[in-house]
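[1] give me the fold of what follows.
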Amino acid sequence: MDLEQAPPSPAAPDVSFPIAYQVLFGIPNPDLQGRGAFVAVAGGDAFRFSGRKRGFFSRTAMEIEFSGDDIRNVAIAGRAVQFSTSRGRAGSAHQPFVFFCRDAATARAVADLLPKTVDGDFVENTNFQEKLHRISGDPFPMVSVTNLIIAINAVVFLAMAGFLGAGWVDVTDLTPYIRYGANNAAATTDGEWWRLLTSMFMHFGVLHLVLNMWALFLCGRLVERLQGRVLYGTTYLASGIGGGLLSLIWHGDKLWSAGASGAIFGVYGALLGYMVKEKHALPRAVFRPLMKSTLIFAGYNLFYGMVHPHIDNAAHLGGLATGIVLGWLTAMPLDQTVRASLGAGKLRLAVIASALIVGIGVAAAPRFDYSVREELAWDETIKGLADTEHTLVTRQNAALVQWDKSADNGQAIARLIDDDLVPFYRKFGRELAALQLSTGRRTAERRKVLARFVELRLESYGHLRRGVIENSRSEIALFGKLETQAAAAVQSLRNQR
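    Numbering: from 1, shown residues only. Just a heads-up that it's a prediction; the model follows:
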């Protein structure tokens, strides 16, 4: 008897998962954008991705299908999945094809469906990342020195722009920077060495801040993991201070400097120093692109600073050199046991080297014979009086012309002298005397000259009053002589600037 033929088994269905191609701060997919789907086609050798074609405001639906041979080096990071491919824009640009699943468990399930083919560089890089993870834990922790530095810079910028008038986009007035912490040899070496630290957290506008923080974000996380938090924080601060000191030596009192770029150059320098010392600890696939990107960053920014005179290249060079020295001196292999035995000694070495760099910089920094804060007080006093003086002198000269033409009894000029000119210059003298200035320094010496100017003016008005009331040409001549001496005193002040 014939056996009844068994019915065929149903074909295995396709497996599908909803995915997205970019999240906030995530790596963009070179080919697709928006939301879409991943489909593992039944049979296991075709993988389909759907979404929108990449491009500004694109709404065009697009689908890419990969064979198993098109996919290699699958990696997972949280809910992100990526792989290398020779297909599409990802293949031509040598960029990973990246997509995001609903959660980490879904990402692992999707990765299990993809081919397991890997190449040598990928294996080396994976092993390197695993070593980094073992010595530093979470590769992207929310609480890290890098994130803390970025947060402090943002808070300082908001305070400076929002409450102190520093400006959000353009700097129209340097006064807030001068008062609250920018770096300048005349101010810093006059006992305000704390400016070397505060200037590292101040920025000239939001673009300056964003560019610096982005550069720090890109490199800082890796260097922090290679060095450890304490050593990394020491490198950052020492590099910023080293850059600030070279800026003082280079520019003297000609430039007010602020920004994190000196410290950030130090972070890139530390990475460069580490790679030179521990190049065998880094796989070729990691070492070459890191070395290339670090040299491009340093070279481009130094060149940009050379063609733009307001960029403080001295701070960049000082920070870079400090970072290279500290990165080379403190470089440690990625072996946990070795790092545990070397860590304390490397930190001591970093502190000693930093102290030597700072000590040499402090000794070499130029000193000046004036106080910036006294100069600010001086400028505010003079500015408040100069406009009023100009108006009064204009009235005085007009009244003299009228008196000379009409030959009246001079009562109008006498009233101007008694009611306006003499009281003004007496007040001028009192405000000058009230300034708290250091004896023997430039501002105090300038006050002596201006005080003499005030005395000459008051004395001259006595002769002018008698001259116009008594119609005495000799008194008028004495007035003119004293005015000439007063003008010479003012001119000598202008020549000192």
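[2] Arg48 belongs to a strand, doesn't it?
    Yes: counting by DSSP: H, G, I helix; E, B strand; the rest coil, Arg48 is found in a strand.
[3] check contacts around it.
    Contacts here follow Cβ atoms under 8 Å, 6 or more residues apart in numbering; on that basis Arg48 touches 37-39, 41, 63-66. To be clear about C-beta, it is placed using only N, CA and C from the backbone, and glycine gets the same treatment.
[4] how about those residues in JSON lines, adding pLDDT and neighbour count?
    Supplementary listing: the contacts of Arg48 in JSON lines, determined by pLDDT from 0 to 100; neighbours: other Cβ atoms under 10 Å:
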{"residue": "Ala37", "pLDDT": "97", "neighbour count": "14"}
{"residue": "Phe38", "pLDDT": "97", "neighbour count": "21"}
{"residue": "Val39", "pLDDT": "96", "neighbour count": "18"}
{"residue": "Val41", "pLDDT": "93", "neighbour count": "16"}
{"residue": "Glu63", "pLDDT": "95", "neighbour count": "13"}
{"residue": "Ile64", "pLDDT": "95", "neighbour count": "21"}
{"residue": "Glu65", "pLDDT": "95", "neighbour count": "13"}
{"residue": "Phe66", "pLDDT": "96", "neighbour count": "20"}
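[5] now those residues in CSV, with secondary structure and distance to Ala20?
    Rendered in CSV, the data for the contacts of Arg48 read as follows (DSSP: H, G, I helix; E, B strand; the rest coil; distance: Cβ to Cβ, whole Å):
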residue, secondary structure, distance to Ala20
Ala37, strand, 10
Phe38, strand, 10
Val39, strand, 15
Val41, coil, 21
Glu63, strand, 16
Ile64, strand, 15
Glu65, strand, 19
Phe66, strand, 18
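[6] from those residues, pick the one nearest Leu482.
    Top of the list for closeness to Leu482, among the contacts of Arg48 and by Cβ to Cβ, is Ile64 at 90.7 Å.
[7] excluding chain neighbours, give the residue nearest to that closest one in space.
    On the basis of Cβ to Cβ, 6 or more residues apart in numbering, the spatially nearest residue to Ile64 that is not a chain neighbour turns out to be Phe49, at 5.0 Å.
[8] now for the one you found: which residues touch it?
    Going by Cβ under 8 Å, 6+ apart, Phe49 touches 19, 31-32, 36-39, 63-66, 97, 99.
[9] in this structure, where is pLDDT below threshold?
    Counting by pLDDT under 70, the chain shows low-confidence ranges at 1-12, 23-26, 138-140, 407-409, 497.
[10] the longest helix along it: which residues count as buried?
    Among the elements of type helix in the chain, defined by DSSP state H, the one spanning the most residues is helix 372-406. Applying a neighbour-count criterion of 16 or more other Cβ atoms under 10 Å, one finds 372, 374-375, 377-378, 381-382, 385, 396, 399-400, 403 buried in helix 372-406.
[11] likewise stretch 359-371?
    Taking 16+ other Cβ under 10 Å as the neighbour-count basis, stretch 359-371 is seen to contain the buried residues 361, 365, 368, 370-371.
[12] now do that stretch: everything it contacts.
    With Cβ under 8 Å, 6+ apart as the contact definition, stretch 359-371 has outside contacts at 185-186, 188-190, 193, 241-242, 245-246, 248-249, 252-253, 318, 437-438, 441-443.
[13] buried subset of those, written for PyMOL?
    What follows is the PyMOL syntax selecting those of these that are buried according to 16+ other Cβ under 10 Å:
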select buried, resi 185+186+188+189+190+193+241+242+245+246+248+252+253+318+437+441+442+443
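[14] quick one: which of the contacts of stretch 359-371 sit in helices?
    185-186, 188, 241-242, 245-246, 248-249, 318, 442-443.
[15] I'd like those as TSV, with distance to Thr126 appended.
    Converted to TSV, the ones in helices among the contacts of stretch 359-371 look like this (distance: Cβ to Cβ, whole Å):
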residue	distance to Thr126
Ala185	50
Ala186	54
Thr188	47
Ile241	38
Gly242	36
Leu245	42
Leu246	40
Leu248	46
Ile249	46
Gly318	37
Arg442	64
Thr443	64
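[16] taking those residues together, which two end up most distant?
    Gly242 and Thr443 (30.8 Å).
[17] surely Tyr304 touches Ile311?
    Yes: with the criterion set as Cβ atoms under 8 Å, Tyr304 and Ile311 qualify as a contacting pair; they are 6.5 Å apart.
[18] neighbour count for these two, which is higher?
    A side-by-side neighbour count of Tyr304 and Ile311, using other Cβ atoms under 10 Å, places Ile311 first with 17 against 12.
[19] confirm the more buried one sits in a strand?
    No: when classified by three-state DSSP, Ile311 is found to be coil rather than part of a strand.
[20] OK, contacts around it?
    Shown here is Ile311, whose contacts under the criterion Cβ under 8 Å, 6+ apart are 304-305.
[21] for Gln402, give its distance to Val468.
    Computed with Cβ to Cβ, to the nearest Å, the distance linking Gln402 and Val468 is 11 Å.
[22] Ser261 now?
    Using Cβ to Cβ, one obtains 63 Å as the distance from Ser261 to Val468.
[23] go on, Leu218?
    With the distance defined as Cβ to Cβ, Leu218 ends up 75 Å from Val468.
[24] and the contacts of Arg48 as JSON lines, adding distance to Gly345?
    Formatted as JSON lines, the entries for the contacts of Arg48 read as follows, by distance: Cβ to Cβ, whole Å:
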{"residue": "Ala37", "distance to Gly345": "54"}
{"residue": "Phe38", "distance to Gly345": "50"}
{"residue": "Val39", "distance to Gly345": "55"}
{"residue": "Val41", "distance to Gly345": "57"}
{"residue": "Glu63", "distance to Gly345": "58"}
{"residue": "Ile64", "distance to Gly345": "53"}
{"residue": "Glu65", "distance to Gly345": "56"}
{"residue": "Phe66", "distance to Gly345": "51"}
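[25] and of these, the nearest to Glu459?
    Proximity of the contacts of Arg48 to Glu459 was ranked by Cβ to Cβ; the top entry is Ile64 with 92.0 Å.
[26] so Ala109 sits against Phe17, correct?
    Yes: Ala109 is in contact with Phe17 according to Cβ under 8 Å; the separation is 7.5 Å.
[27] ok, the two, which is more surrounded?
    It is Phe17, of Ala109 and Phe17, that has more neighbours when counted by other Cβ under 10 Å, with 17 against 14.
[28] give me the phi and psi for the more buried one.
    Here the main-chain torsion angles of Phe17 (degrees, to the nearest 10) amount to phi -140, psi 140.
[29] in this structure it contacts Val110, no?
    Yes: because the distance of 5.7 Å satisfies Cβ under 8 Å, Phe17 is recorded as touching Val110.
[30] and for the two, which residues touch both?
    When contacts are counted by Cβ under 8 Å, 6+ apart, Phe17 and Val110 are jointly contacted by 38, 101.
[31] on that earlier part again, of Leu218 and Val468, who's got more company?
    Counting neighbours by other Cβ under 10 Å for Leu218 and for Val468 shows that Val468 has the greater number, 26 against 15.
[32] and for the residue nearest to the more buried one when sequence neighbours are not counted, the neighbour number?
    If the residues on either side of it in the chain are set aside, Val468 comes closest to Gly410, at 2.9 Å by Cβ to Cβ, 6+ apart. Other residues near Gly410 number 21, with proximity taken as other Cβ under 10 Å.
[33] what sits against Gly410?
    403, 465, 467-469, 471.
[34] could you check how far it is from Arg426?
    In this structure, Gly410 lies at 21 Å from Arg426, with Cβ to Cβ as the measure.
[35] all good on my end, thank you.
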